[in-house]
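Engineer: Here's my sequence, what's the structure:
(one chain, ligands or ions: 1)
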Amino acid sequence: MKSGIFALCALVALAEPAAADFASCKQQIKAQAGADGVSQATLSHALDGLEPNDAVSFLGVQPEFTTPIWDYMAGLVDDERVRDGQARFAEYRQAAQAAQRRFGVDAAAIVAVWGVESDFGKSFGGRPIVQSLATLACTPNRRSDYFRSELIAALKILNHGDVRLEEFNGSWAGAFGNTQFMPSTFLRLAVDLDGDGKRDVINSVPDALGSTANFLHHAGWVPSLPWGFEVKLPADYHGPSGRGAKKPLAFWAGHGLAHVNGAPLSGGGAYGLLLPSGPHGPAFLVSRNFDAFYSYNAAESYALAIGVLSDRLKGGPGVVTPWPTDDPGIPRVERKEVQALLAQRGYDIGGKIDGVMGAKTREAIADYEQKIGMKRDGRAGKKLLASLRAGK
Ligand code: CA
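Structural biologist: Numbering: from 1, shown residues only. Model (predicted):
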């Protein structure tokens, strides 16, 4: 309590200079954007009267609990997303195929990025982009220069009329629309696939799919290659691994690797061996196209989710080899059930039952685990759900 009062006093003491700093920072940004051709009308509309928001509170936040790869995959590539994705793929087949023809990128991969980035347009993030970026640019932090250049890019987008200020919402860090592009990425790579004269990744799914395809094309997509595929490792495998060590398939065949169904490896292209959970879990050979997914969001788990989802959208089986755990991850529908069962027991899950394992939900899980004598790791897996279902 005492430290809370002290923090409040410190905050009040700082408030006035901070407000002055924010105002003068906005003035500098106006001058810079104005010099870059953004009109005074656009700048006034976007920045006058703007106050900082809470975006800075998300910077450098380390989650209290880690997420194993099998939880990550179970949430991003579940039956619900495959079902939704196949329906959306059918609905936008023409646009996805037009994007594939124009940029050479697999249509299912484009739709998979859409599915992971915004759940096929269902969740864009509702934070005002200009306000968040102005806050992040004008509050001292390690990445303020980066956020300042993204803010200038956002002002250019508004100035050009591609997006209206009222609809310019997204993540706390400035990503927006169906494809969650950063403003500078939008300026560089967004395309007008539907041909209405505007590049619009918020309201036009065809533009969003085309822009994603253009991104992957620029990230080095090779039209003749798959992103990768699951393989079977010999039991005593001791060769190289890592997506950077790319070798021809003959090399991998020589080390005893085969397709996961046992078929021999053949064909062109160079692949690296990805072992996301070590040598005793699923193994994948991944191509340059996997690296293109990685360029979209720099995490191998992310790139793997996109690849596996794209296969499943085409009717593929997904990951065949079991993850090396006795407590597998659960899909979003079962995460919602976990939240509902915790809420029934009086735990605060931090708002609505949405299947999102946010900080509050994970704290509630950890408290419940402690109470019933499970390992306190804050994760929702099969064992936790079984215990809740059993009425413990
Ligand atoms: Ca358009």
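Engineer: Quick one: the strands in the stretch 51-200 of the chain, in order.
Structural biologist: 127-128, 169-170 (DSSP state E, counting those that start in this stretch).
Engineer: helices and strands around the last one, which ones?
Structural biologist: What that stands for is strand 169-170. On a contact count with 3 or more C-beta pairs under 8 Å, 6 or more residues apart in numbering; DSSP states H and E, strand 169-170 meets strand 127-128, helix 129-138. C-beta coordinates here come from the backbone N, C-alpha and C atoms, glycine included.
Engineer: and with 7 Å instead?
Structural biologist: strand 127-128 (3 or more C-beta pairs under 7 Å, 6 or more residues apart in numbering; DSSP states H and E).
Engineer: average model confidence for the strand it packs on?
Structural biologist: Here strand 127-128 scores 97 as its mean pLDDT.
Engineer: contacts for that strand?
Structural biologist: If you take C-beta atoms under 7 Å, 6 or more residues apart in numbering as the criterion, strand 127-128 is touched by 168-172.
Engineer: What are the contacting residues of the strand or helix carrying S301?
Structural biologist: S301 is part of helix 300-313, with elements assigned from DSSP states H and E. Under the contact criterion C-beta under 7 Å, 6+ apart, helix 300-313 has outside partners 69, 72-73, 76-77, 81-82, 85-86, 89, 106, 108-109, 111-113, 115-116, 227-228, 243, 274, 276, 284, 290, 293-294, 318-319.
Engineer: Using CSV, list the CA coordinates for the helix or strand that comes right after that helix.
Structural biologist: Counting by DSSP H and E, the element after helix 300-313 in chain order, helix or strand, is helix 332-344. In CSV, the C-alpha atoms belonging to helix 332-344 read as follows (Å, rounded to 0.1, in the frame of the first residue of the first chain):
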residue,chain,number,x,y,z
ARG,A,332,-9.6,-22.5,-28.3
VAL,A,333,-13.0,-24.2,-27.7
GLU,A,334,-11.5,-26.1,-24.8
ARG,A,335,-9.7,-23.0,-23.5
LYS,A,336,-13.1,-21.3,-23.3
GLU,A,337,-14.3,-24.3,-21.4
VAL,A,338,-11.4,-23.9,-19.0
GLN,A,339,-12.2,-20.2,-18.5
ALA,A,340,-15.9,-21.0,-17.9
LEU,A,341,-15.1,-23.7,-15.4
LEU,A,342,-12.7,-21.4,-13.5
ALA,A,343,-15.3,-18.5,-13.5
GLN,A,344,-17.9,-20.9,-12.1
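Engineer: Can you say which of the strands of the stretch 51-200 of the chain is nearest to the ion?
Structural biologist: strand 169-170 (18.3 Å; C-beta to the ion).
Engineer: Which residues does that closest one contact?
Structural biologist: By C-beta under 7 Å, 6+ apart, strand 169-170 touches 124-129, 176-177, 180.
Engineer: These also near the ion: which ones?
Structural biologist: Among these, no residue sits close to the ion (C-beta under 5 Å from the ion).
Engineer: Looking at those, which is nearest N203?
Structural biologist: Minimum distance to N203 across the contacts of strand 169-170 is 8.5 Å, recorded for G177 (C-beta to C-beta).
Engineer: neighbours around that closest one, how many?
Structural biologist: 27 (other C-beta atoms under 10 Å).
Engineer: give the contact list for the nearest residue to it once chain neighbours are set aside.
Structural biologist: Leaving aside its chain neighbours, G177 sits nearest to V201 (3.6 Å; criterion: C-beta to C-beta, 6 or more residues apart in numbering). Counting by C-beta under 7 Å, 6+ apart, V201 touches 177-179, 181, 186, 190, 207-208, 211.
Engineer: Tell me the most packed of these, by neighbour count.
Structural biologist: Neighbour tally across the contacts of V201 (other C-beta under 10 Å): the maximum, 32 neighbours, falls on A208.
Engineer: residue contacts, that one?
Structural biologist: 114, 177-179, 201.
Engineer: again, only this time at 8 Å
Structural biologist: Applying C-beta atoms under 8 Å, 6 or more residues apart in numbering to A208 gives the contacts 114, 121, 177-179, 201.
Engineer: between the contacts of V201, which is closest to R93?
Structural biologist: Proximity of these to R93 (C-beta to C-beta) peaks at A208, which lies at 14.8 Å.
Engineer: Pretty sure the closest one sits in a strand.
Structural biologist: No: the assignment for A208 (DSSP: H, G, I helix; E, B strand; the rest coil) gives helix, which keeps it out of a strand.
Engineer: Which residue, other than its chain neighbours, is closest to it?
Structural biologist: Using C-beta to C-beta, 6+ apart, the closest residue to A208 is N178 (3.5 Å).
Engineer: I'd assumed S123 was in contact with the one you found.
Structural biologist: No: in this structure N178 lies outside contact range of S123 using C-beta atoms under 8 Å: 10.2 Å.
Engineer: number of nearby residues for the residue of the stretch 251-392 of the chain found nearest the ion?
Structural biologist: Of all residues in the stretch 251-392 of the chain, Y296 sits closest to the ion, at 20.9 Å by C-beta to the ion. With neighbours defined by other C-beta under 10 Å, the count for Y296 comes to 21.
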